[in-house]
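Novice: I would like to see how this sequence folds:
(one chain, ligands or ions: 2)
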Amino acid sequence: MQAEFHHFHSSFSFDLEMGGVLPSVQLAYETMGKLNAQKDNVVWICHAFTGSHEVSDWWQGLVGSGKLFNPENHFIVCCNILGSHYGSTGPLSTNPLTGQPYYHTFPNVTIRDVVNSFELLRKDLGIDRIKTCIGGSLGGQQALEWSIIQPDLIENLILIATNAVHSPWGIAFNESQRMSIEVDPTWKESQPKAGIEGMKAARATALISYRNYETYQITQARQENTTGESLRAISYQRYQGEKLAGRFNAYSYYILSKMMDSQDVGRNRGGVIKALKSVKSKTLVIGIKSDALFPIVEQEYLAKHIPGASFQVIDSLYGHDGFLIESGLMTKAIRLWQKLLRLEVNPMADFFKELEIRHISYAS
Ligand SMILES: CC(=O)SCCNC(=O)CCNC(=O)[C@H](O)C(C)(C)COP(=O)(O)OP(=O)(O)OC[C@H]1O[C@@H](n2cnc3c(N)ncnc32)[C@H](O)[C@@H]1OP(=O)(O)O
Ligand SMILES: N[C@@H](CCO)C(=O)O
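Specialist: Ligands and ions are numbered 1, 2, ... in the order given. As a prediction, this is how the structure comes out:
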């Protein structure tokens, strides 16, 4: 079944959490399958940092005919997030008030703003209930936030390699990447490629956090009797920067890294634990053992405080990026959870008693 691409447009001004305003909003989104008569087959997939709404492309292992999310049974929706590069309102869009691209004037957008923009699209599509909402990393931050903003909307929530509050470690990585962009002399300019060399360096730094020591040992092993520029890890870092520069812009990179930093589900809600306790969705949390950026202690924390949540760990050579790559393991984990839900079994209670000490130290 073919993916369909659409644009939603709202000509109303859209207020942002940090005080900015977008005079109008456009959202690019992909759908697969059809909304059924009962309107109970919606799967909403939230994409990550440099991803796009083209989930049929970047998550082929999970989405498609015969896959876990099958358009023959499900109505699958994935929406490009505000501030991104792929067709939703972002820094390269024209500001209708000035007739010029936003560039540096694009306002800060938080995870909550993204969820509020999804709400516009959801209502336009006539969706009253989401059967399953799933996301990894920045996408998981959106899915979690949505389940808190609208506690009766999402029946099943799947959070992968994500967190409730973005950590000082994660913020430090993001700030270091923004610093790389800022020192690019073209960053001050107002043109689509401003800061692009800085963004290449930022991506190379980010890659280190998306993978880990072991990944590089195996995929970029030193060859015997080589040194200098021919060391594999050197050309790999440079190639990855070039590759992203071919499909993204530095303004979006900057804005979306700040969006990731904004994640704190407890903000103005009486704290993180209170916010997590308000989640009513049946929840599966998946952590990746080798994730250096969103370490599994963050997913343990989610699963401990979201009522009735299940928790599964998968092993991957790819660290954090495993959520984009390990389709087989994620499918297995989700199918097992679906089976346990049918049997009404939650094997988590004893597990969390054992982890109590670690959670206390993480929360304090
Ligand atoms: C239009 C769009 O693509 S947007 C939607 C898709 N993108 C997203 O959703 C964003 C998230 N995706 C990603 O971050 C990545 O694509 C991932 C994590 C899924 C996979 O990462 P990849 O970069 O493909 O994997 P990996 O780290 O194995 O690198 C492979 C690439 O590096 C190259 N490479 C590997 N080692 C080296 C080296 N030593 N020197 C130079 N190049 C190298 C490979 O030739 C390969 O190049 P190619 O991508 O042009 O084929
Ligand atoms: N590789 C991912 C990592 C962020 O989760 C991306 O570029 O979106």
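Novice: now do the strands in the stretch 151-300 of the chain.
Specialist: For the stretch 151-300 of the chain, strands defined by DSSP state E, counting those that start in this stretch occupy the ranges 154-160, 282-288.
Novice: which one of the ones you listed lies nearest to ligand 2?
Specialist: Checking the strands of the stretch 151-300 of the chain against ligand 2 by C-beta to the nearest ligand atom gives strand 154-160 as the closest, at 10.0 Å. Where you see a C-beta, it was placed from the backbone N, CA and C, and this is true even at glycine.
Novice: which other helices and strands contact the closest one?
Specialist: strand 130-136, helix 138-149, strand 282-288, helix 327-343 (3 or more C-beta pairs under 8 Å, 6 or more residues apart in numbering; DSSP states H and E).
Novice: can you redo these as a markdown table with distance to ligand 1, mean neighbour count and mean pLDDT?
Specialist: Below are those laid out as a markdown table (distance: least, C-beta to the nearest ligand atom, whole Å; neighbours: other C-beta atoms under 10 Å; pLDDT from 0 to 100):
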| stretch | distance to ligand 1 | mean neighbour count | mean pLDDT |
| --- | --- | --- | --- |
| strand 130-136 | 10 | 26 | 98 |
| helix 138-149 | 10 | 26 | 98 |
| strand 282-288 | 12 | 26 | 97 |
| helix 327-343 | 11 | 15 | 92 |
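Novice: and of the ones you listed, who's closest to Thr98?
Specialist: Nearest to Thr98, of all the helices and strands packed on strand 154-160, is helix 138-149, at 28.7 Å by C-beta to C-beta.
Novice: now do the closest one against strand 154-160, angle only.
Specialist: 150 degrees (axes from the mean of the first three to the mean of the last three C-alpha atoms, to 10 degrees).
Novice: same for helix 138-149, what does it pack against?
Specialist: If you count contacts as 3+ C-beta pairs under 8 Å, 6+ apart, helix 138-149 packs onto strand 42-46, helix 111-124, strand 130-136, strand 154-160, helix 250-261.
Novice: what angle separates the longest one from strand 130-136?
Specialist: Going back to what we said before, that points to helix 111-124. Using the same axes, to 10 degrees: helix 111-124 against strand 130-136 is 150 degrees.
Novice: any buried residues in helix 111-124, and which?
Specialist: Going by neighbour count (16 or more other C-beta atoms under 10 Å), the buried part of helix 111-124 is 111-118, 120-122.
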